[in-house]
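Visitor: Task: produce atomic coordinates for the following.
(2 chains)
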Amino acid sequence: MINIFKTSKSVALSIDEFFDKIDLGILNFTKGANNYIENNKAEFDQNLKTINILEKDADSIKRKIENEFYLHSLMPHFSSDILNLLESVDDIMDMSKDVLNQFDVETPHIPELIKKDFLELVSLASKSAESVVPAARIFFTSPDEVKEKIQKVLFYNREADVLSNSIKRKIFQEFDSLRLSEKIHLRYFALHIEQVSDAAKNVAHQLSSLVIKIKM
Amino acid sequence: MTFLFFLSSGLFLGWTLGANDASNVFGSAVGSKLIRFKQAAIVASIFVILGAVLQGYGGSDTLGKLGSVDALGGAFTVALAAGFSVFWMTKLKLPVSTSQAIVGAIIGWNFFSNNPTDINSLTKIVTTWISGPILGGIFAVLLFLLLREFLKRSKIHIIKLDGYIKYGLLLVGAFGSYSLGANNIANVVGVFVPSVPNILVDFGFFTLNGTQLLFLTGGVSIAIGILTFSKRVMMTVGDSLMRLNAETALVVVLAHSMVLFVFSSQTLSDLFVSIGLPPIPLVPVSSSQAIVGAILGIGILKGGKNIQLKVIGRIGLGWIVTPLIAGLISFFALFFMSNVFNLKVSENPSQFVKGEIVNDNSSLEIDSETKVIESIGPHIEGATTIDIYKPVVFIIIILLILLIVYQFFIINKIKEKDKIEEFQESLERYNSQQQLLENELKLTNQAKLKLEKEIEQKEKEQKKVALSIIRKNKILEDLKSGIDHLKSKPENELKHKDLNSLKVSIIDNLNLDKERKSFDKYIKEINNSFYQNLVNKYPDLTENEKKLCSLLRLKLSSKEIASILNITAKSVEVNRYRLRKKMNFKRNDKLVKELRKL
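Guide: Below is the predicted model of the structure:
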């Protein structure tokens, strides 16, 4: 009981640190994907390396937070919801890392004509993910302000969905020079990038329901 | 001793009150595991006793005015009747409160002993029953708004807030327990006040008079109820009554505690009088109803959607039904006690009284607070003084020594136990990890076996096809020699029969090409990864050399390979030599063995 202040302070700091890692991870994802599309191999490799380290760090911080929650019975009514939220935020990082790894392993060929669209898709997915982190951060201090923050996330997610569909349509209908295997390959990459913004949307939905729960 | 025997019914009432009502104070915190039961029980027990001894007089005074149960037997019966009513109504799942039961039981005594019921006191009491929950609601709303505004402005991290709330719940719980003791002690031992012996007990540092000692005993009985039986109630009833978040639970418990405090604090009442307001009636109020009032208040503030009118109806029903049932039980119990056991239930001569049990000290009347305030310090005139300071100090020293020795052994035992547990835990962890690894290994081995079997099967199939090709080639050879034989025969000797036999042989071998294709397909299918590895290691090999490698890998002889590739065995040998050279194999290196490694 005496240590509870110390524990809660340390957990609050860990949560902040976790979000810092996620923020950095998303930035690396944006840079990494842009570098790949623009054929900057050396920079891309550096981004890939950084995101792998950040993901590892975020995972270990998340595990530490989980332990503290269970060990000290922190927020018994909401602990599972909060830990699920952190897990979903971590999913954004995991997906970002996976996309960069797929770029590295599968080295998809992106035709010049569609590069601009891919860059735009990366930007929208990143913006969606970047906007959800402040929303998740503010949930811990001012839950009332979460609602206005998540609007941005949903907007960027919708935009990313639309652009992703348009890319897929272009690939299959306008690029006759590409082989079917190349088209399918590119389609999957559009889908993977889009999934980063879907993960952000998932966090946004969890945040909305958690705010309602906590206010009840 | 007689007094203590008769007090047992009050102590039973105290025990049930402790077991049930502590959940109103700590139920939410313990039920949701914000606070451990042990901590809650210790804090609640200490503060209930403090509240009872320091501030328990007010409520007892009002109950005394309603009906001064002046005989010990009467007090015993009244407390028993109230306790039984609470027990019985709880069993029947009817809304019940100790406060209302004891009032009903006293009125029952009034009726039985022909004592007039003080209407003013009764009105005062009934008013507080109604105003208690309402005040609880008002306090809860105000506190909730204050807390909400504070939290909005302060922007405390919710994890840190959780820590503050845990402490808050403990502090508020302590205050709630103090108020519960102060307010509800009158329910437990209030009826015994007129019969209390005129004694003073000297504890060395302080002295308690008979009434305070009575409150202390009542407080201890509530504490025992908390320590022994409240855990189950807290874990079940406590949480179901208040399915609220931690902040709201804090507000609700604080509002409830404030209501109990307001209706038991003489100082607050005096303060009201000093500023020209009417005094606050000091009346025992129902702890459960105060808490329900607080919850309803917050429910109304949140829009009133979840308010169950049934709950309000049940409270109202409790106000009427509980005193009525307790009054009836009390009346009949008094009749039974006085007529069957000849127990004196009232000093006032009554037609029913036949008993002769008289308590010399039972006539002590406490009708003003001054008397109690005086009794906290110096002695009351004529009272018997009991000095228990020296024996108590002596006993405490002995107990302390015993405790230290006991602790020493216990600590050692716990340390040993911890070590064993730690060892066992690590052993279990190690075993489970080992088990996990073994399982993984088993699965991998199974998968490996399956793959090996598949490879074996494919190899068998390949060999079968290869052998079939060899056989076909042999048949073709036979055919060739058959034709040669026919050719060597003179033309007129050409027999229809010979030609037919040749035709049959040809039809049989028509499938040759098909099987060769199938063989090639098999070779490619099974050797997919082998080809990949071969190309990675030896990129200069030609298609024919790759094919030769795959056939060598199947451990086929040169003759067999020659038959399959439709070349001579000599050519196979030459190709084999070239392959060795191209692959930079030494004289001692075994080609087939190396190829199988790929």
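
Visitor: Look at the closest residue to B:L145 other than its chain neighbours and say how many residues are nearby.
Guide: Among residues not flanking B:L145 along the chain, B:L301 sits closest, at 7.5 Å (C-beta to C-beta, 6 or more residues apart in numbering or on different chains). To be clear about C-beta, it is placed using only N, CA and C from the backbone, and glycine gets the same treatment. Neighbour count for B:L301, taken as other C-beta atoms under 10 Å in any protein chain shown: 15.

Visitor: I'd guess B:P278 is in a strand, am I close?
Guide: No. Judged by DSSP: H, G, I helix; E, B strand; the rest coil, B:P278 forms no part of a strand; its state is coil.

Visitor: returning to what we had before: just want to check the distance between the residue nearest to B:L145 and A:K213.
Guide: B:L301 sits 18 Å away from A:K213, going by C-beta to C-beta, to the nearest Å.

Visitor: got it, and A:H72?
Guide: Distance, A:H72 to A:K213, by C-beta to C-beta: 21 Å.

Visitor: Low-confidence ranges, the stretch 251-400 of chain B, go.
Guide: Within the stretch 251-400 of chain B, the stretches with pLDDT under 70 are B:304-309, B:311, B:315, B:347-390, B:392-393.

Visitor: Can you name the residue of it nearest to chain A?
Guide: Relative to chain A, the nearest point of the stretch 251-400 of chain B is B:K302 (8.4 Å; C-beta to the nearest C-beta).

Visitor: for that residue, phi and psi?
Guide: Backbone torsions for B:K302, taken as degrees, to the nearest 10, come to phi -90, psi 10.

Visitor: Is the residue nearest to B:L145 in contact with B:L142, as I believe?
Guide: No. Using C-beta atoms under 8 Å, B:L301 makes no contact with B:L142, being 9.8 Å away.

Visitor: same for the helix or strand that contains A:L154, what does it pack against?
Guide: Under the criterion of DSSP states H and E, A:L154 resides in helix A:146-174. For helix A:146-174, the packing partners by 3 or more C-beta pairs under 8 Å, 6 or more residues apart in numbering or on different chains; DSSP states H and E come out as helix A:112-139, helix A:180-215.

Visitor: does any part of the longest one sit near chain B?
Guide: Yes. Legend: contact between helix A:180-215 and chain B by C-beta under 8 Å from any C-beta of the partner chain is shown at A:I214.

Visitor: what about that helix, distance to the chain center?
Guide: Distance of helix A:180-215 from the chain centroid (C-alpha atoms, centre = their mean, to the nearest Å) equals 8 Å.

Visitor: Kindly report the same for the shortest one.
Guide: Relative to the centre of its chain, helix A:112-139 is centred 9 Å away, using C-alpha atoms, centre = their mean.

Visitor: Next, the angle helix A:180-215 makes with it.
Guide: If you take axes from the mean of the first three to the mean of the last three C-alpha atoms, to 10 degrees, helix A:112-139 sits at 10 degrees to helix A:180-215.

Visitor: you'd agree A:V11 is up against A:E68?
Guide: Yes. Here A:V11 reaches A:E68: they are 4.9 Å apart, a contact under C-beta under 8 Å.

Visitor: Which residue of those two possesses the greater neighbour count?
Guide: Of the pair A:V11 and A:E68, A:V11 is the one with more neighbours under other C-beta under 10 Å, namely 23 against 17.

Visitor: Which neighbouring elements make contact with the one helix or strand the more buried one maps to?
Guide: For A:V11, the host element (DSSP H and E) is helix A:4-37. Contact here means 3+ C-beta pairs under 8 Å, 6+ apart; on that basis helix A:4-37 packs against helix A:41-71, helix A:79-106, helix A:112-139, helix B:158-189.

Visitor: Tell me the buried residues in it?
Guide: Residues A:4, A:7-8, A:11-12, A:14-15, A:18-37 are the ones in helix A:4-37 that count as buried (16 or more other C-beta atoms under 10 Å in any protein chain shown).
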